[in-house]
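Participant: give me the fold of what follows.
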Amino acid sequence: MRPTRLLALLCLAGALAALAAAGLAAGRLVDLPLARAASAFLACFGLGKILLGLDGVAQVRLVPAGGADPRLDYGRPLLFWLWVGFKFAAGAASLAAAALLWGRQTAFSP
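Facilitator: Coordinates of the predicted model:
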């Protein structure tokens, strides 16, 4: 398994743990601001998306060395690059939202 895929899998596990923490915070079972739990989820999700985009770029760089071309899996190279761009854009937006939400602890408070 490539390191970027492994790190993306770890980010997925972190996002699931943060989602569970958000559920516990929403039920007032733990003393954690809901905004912080949501921010942790968004940060893990965003980092995972960026890592998946980097993994796609790394796959393309392996093509001259005899690796399989991932651009052919999408039918056209343009669709592959749009997929990579979407991963980067979604990751950047999630990280920006996480940074914004981290500073506002009372964002979801009644």
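
Participant: helices or strands next to the lengthiest helix in the chain in the packing?
Facilitator: Secondary structure of the chain per DSSP state H: the longest helix is helix 34-61. Judged by 3 or more CB pairs under 8 Å, 6 or more residues apart in numbering; DSSP states H and E, helix 34-61 is in contact with helix 3-26, helix 77-102. To be clear about C-beta, it is placed using only N, CA and C from the backbone, and glycine gets the same treatment.

Participant: as a markdown table, those with mean pLDDT and distance to V57 would be great.
Facilitator: Listed next are the helices and strands packed on helix 34-61 as a markdown table, based on pLDDT from 0 to 100; distance: least, CB to CB, whole Å:
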| stretch | mean pLDDT | distance to V57 |
| --- | --- | --- |
| helix 3-26 | 90 | 9 |
| helix 77-102 | 93 | 6 |
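
Participant: for G46, which of the ones you listed is the nearest?
Facilitator: For G46, the closest of those is helix 77-102, at 3.0 Å, according to CB to CB.

Participant: count of residues packed around R61?
Facilitator: 9 (other CB atoms under 10 Å).

Participant: from C11, how far out is L32?
Facilitator: Relative to C11, L32 is positioned 20 Å away (CB to CB, to the nearest Å).

Participant: hmm, I was thinking of R104
Facilitator: 23 Å.

Participant: so for those two, which residue has more residues nearby?
Facilitator: C11 (21 against 13).

Participant: who's in contact with stretch 63-78?
Facilitator: Contacts to stretch 63-78, defined as CB atoms under 8 Å, 6 or more residues apart in numbering, come from residues G56, Q59, V60, F80, W81, W83.
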